[in-house]
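Q: Next one to model:
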Amino acid sequence: MVVGVTLLFGRIYCSVVCPLGILFDGVSRSRPGRRYRFYPPRHGLRVCVVALILICVVGGSFVFVELFEPFGIFGRSATLMARPLAIVANNGLSRLLEMGGLYLVPPWPLSGIAWRATALAAIILAFLVWLARRRGRLYCNTLCPVGAVLGLCSLGARQRVWFDVSTCTSCGRCSRVCKAECIDSQAMSVDVTRCVVCFNCLDTCPAGSLSYGKRPPLLGAGEEPPEHFSSERRALILSALVTVAPGVRLPTAHAQEQPRPGDRSLTPVVRACPITPPGSRGVDHFTRRCISCLRCVGACPSQVLQPSWTGYGLSGLMMPSLQPRFGYCHNGCNLCGQVCPTGAIEDISLEEKQVTQLGKAMFVRENCIVVLNRTECGACSEHCPTKAVDMVVEKGLRVPVVNPDTCIGCGACEHACPTKPFKAIYVEGNRVHVAAKKPEAQPSKPQDTGFRETTGFPF
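A: Coordinates of the predicted model:
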């Protein structure tokens, strides 16, 4: 649909739909009187961007698209930065009210925040905003993969901005307001591959020499047809795809980040396969569709969904995964599937989610404080919603035993485990989600209420 609109009207998508484009327009308006000037097109750089996109896609990886496409950048920035900013604003208001003796706004804890991912998103967004203040739509016409593809499509656009050379005085006002830096007022030409159809030039032209519509059948003096890719460039891209793409398979190892160094008496825990969200079917289905927009991370109430750095390998940078050190997946929540825009996380019912096995709990006996300190614990069993973790007596100690058939991999046991830095029980993700068995109904035991049944008085 976007390609069809571009073939008809040019890159109007970049001005009225793209969230980063709208943000860049706001940044440009924050500098009234800012003057731009025409720069020659960088076709070589744009050819490399398009070629890199094609090579990555054919090679089975979307890492380049995920890192630089505008929706992903804007979504990650909004998701990761909104929560810390809201907490800081809330706590500041709470502190001010407390100084006046009012306790209407409770403070929020700064927990469940992926600081490294938030810092990276903030740095990228700050760089792009700075670039927009200096050079307008330079990112859109050089690094943006969507802009590169739509720029090629706009070569055949039926509606475009064009010069009426008979009335143009080459005053240069159109070039000074063109944030795409694509209008050459001296040559009276518009580079349609970079034009984002903002109409700034039409509003500022004193002679009305610029028009938007179907291009005239005859080119005026000084106007040149848009430059198409030469046969050499096409051959370069084709040869790169034929020779390089079949061997390009970015690493898809699913090792968890290396654990922090700690007590040497504990056994290090390394997750071999990441835990993908409920409704994602498994690792392969999830990584094929996820664009790392992190909307699911922002919607997760327990903050167990966090951006992953190396869990999915280089090709899955910043894709979300369940990380039980932040929380656990609640049985009564399926918000991640409701907000996912690509179908990477399907919107499954709560009944289906409660029997979907995301992974299996693994018990590391050497790390358990019951074994190390010979004390009572049982936190993992108490927090397990399916009672897949049970406490059994072994050599005078009550140690956990996992029933892998009823475990759903929610991470409640790992989150509750007090052993640090390496957990005594952790969830190993399933590469493909399967159905878990429903736990057997436990006979209810009469509770001791502290009252005699005969008289109704306390002991």
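Q: Tell me which residues touch H415, please.
A: By Cβ atoms under 8 Å, 6 or more residues apart in numbering, the contact set of H415 is 304, 324-328, 383. The way it works is simple: take the backbone N, C-alpha and C, and place the C-beta from them, glycine included.
Q: mind running it again at 10 Å?
A: 302, 304, 323-329, 379-380, 383, 423, 425, 427 (Cβ atoms under 10 Å, 6 or more residues apart in numbering).
Q: average pLDDT for the helix or strand harbouring it?
A: Assigned by DSSP states H and E, H415 belongs to helix 412-416. Averaged across helix 412-416, the pLDDT comes to 93.
Q: P268 in helix, strand or coil?
A: Under DSSP: H, G, I helix; E, B strand; the rest coil, P268 falls in the coil class.
Q: mind checking the SS state of the residue lying closest to R281 once chain neighbours are set aside?
A: Computed as Cβ to Cβ, 6 or more residues apart in numbering, the closest residue to R281 that is not its neighbour in sequence is H433, at 5.6 Å. Per three-state DSSP, the local secondary structure of H433 is strand.
Q: what's the burial count for H433?
A: 23 (other Cβ atoms under 10 Å).
Q: got the contact list for the residue nearest to G332 when sequence neighbours are not counted?
A: Closest residue to G332 apart from its sequence neighbours, by Cβ to Cβ, 6+ apart: L350 at 6.3 Å. If you count contacts by Cβ under 10 Å, 6+ apart, L350 has them with 278, 330-334.
Q: how much space between P404 and K437?
A: 10 Å (Cβ to Cβ, to the nearest Å).
Q: Could you give the bridge partners of I425?
A: F363 (DSSP bridges).
Q: which ones are touching it?
A: Counted by Cβ under 10 Å, 6+ apart, I425 has contacts 269, 324, 361-365, 367-368, 379-381, 384, 389, 400, 402, 411, 413-417, 419.
Q: For PyMOL, write a command that selects the buried ones of those residues.
A: Command for PyMOL, covering only those of the contacts of I425 found buried under the criterion 16 or more other Cβ atoms under 10 Å:
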select buried, resi 269+324+361+362+363+364+367+368+379+380+381+384+389+400+402+411+413+414+415+416+417+419
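Q: Am I right that Q357 is in a strand?
A: Yes. When three-state DSSP is applied, Q357 is found to be in a strand.
Q: Please name the residues that touch it.
A: 278, 386, 388, 404-410, 430, 432-437.
Q: buried subset of those?
A: 278, 386, 388, 406-410, 430, 433, 436.
Q: Just put those in a markdown table and tack on distance to S170 and secondary structure.
A: Output for the buried ones among the contacts of Q357, formatted as a markdown table (distance: Cβ to Cβ, whole Å; DSSP: H, G, I helix; E, B strand; the rest coil):
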| residue | distance to S170 | secondary structure |
| --- | --- | --- |
| P278 | 62 | coil |
| T386 | 75 | coil |
| A388 | 77 | coil |
| T406 | 78 | coil |
| C407 | 74 | coil |
| I408 | 70 | coil |
| G409 | 68 | coil |
| C410 | 68 | coil |
| N430 | 66 | strand |
| H433 | 64 | strand |
| A436 | 73 | coil |
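Q: surely R76 meets I123?
A: No. With contact defined as Cβ atoms under 10 Å, R76 and I123 do not form a contacting pair (11.5 Å).
Q: Any idea how many residues pack against R133?
A: 14.
Q: picking that back up, quick check on the contacts of H415: which are buried?
A: 302, 304, 323-329, 379-380, 383, 423, 425, 427.
Q: picking up where we left off before, shared neighbours, P404 and K437?
A: In contact with both P404 and K437: 357, 388, using Cβ under 10 Å, 6+ apart.
Q: and the longest helix along the chain, which residues are buried?
A: Ranked by residue count under DSSP state H, the longest helix found in the chain is helix 70-99. For helix 70-99, burial by neighbour count (16+ other Cβ under 10 Å) applies to 70-81, 83, 87, 91, 94.
Q: With respect to T118, which of those is nearest?
A: Ranked by distance to T118 (Cβ to Cβ), the buried residues of helix 70-99 are led by L80 at 4.3 Å.
Q: is it true that that closest one touches L120?
A: Yes. Between L80 and L120 there is a contact at 8.5 Å, judged by Cβ under 10 Å.
Q: how far away is the residue nearest to R281 from P109?
A: From H433 to P109 the distance is 32 Å (Cβ to Cβ).
Q: ditto for C333
A: As judged by Cβ to Cβ, C333 and P109 stand 20 Å apart.
Q: more crowded one of these two?
A: More crowded of C333 and P109, by other Cβ under 10 Å: C333, with 17 against 8.
Q: For the residue nearest to that one when sequence neighbours are not counted, list the residues it contacts.
A: Nearest residue to C333, sequence neighbours excluded (Cβ to Cβ, 6+ apart): P301, at 6.1 Å. By Cβ under 10 Å, 6+ apart, P301 lies in contact with 112, 327, 330, 332-333, 335.
Q: which SSE is V297 in?
A: helix 295-299.
Q: Could you tell me how far that helix lies from the centre of the chain?
A: With Cα atoms, centre = their mean, to the nearest Å as the basis, helix 295-299 stands 9 Å off its chain's centre.
Q: If you count neighbours, what's buried in the strand or helix carrying E352?
A: Assigned by DSSP H and E, E352 belongs to helix 350-353. For helix 350-353, the neighbour count (16+ other Cβ under 10 Å) marks K353 as buried.
Q: Show the average pLDDT along it.
A: Per-residue scores along helix 350-353 average to 92.
Q: again with stretch 76-83
A: 82.
Q: After the longest helix of the chain, which helix or strand is next? Please name it.
A: helix 115-135.
Q: What is that next one packed up against?
A: Counting contacts by 3 or more Cβ pairs under 10 Å, 6 or more residues apart in numbering; DSSP states H and E, helix 115-135 is packed against helix 19-29, helix 63-68, helix 70-99, helix 138-142, strand 305-307.
Q: Quick one: mean pLDDT over the second one.
A: For helix 63-68, mean pLDDT is 69.
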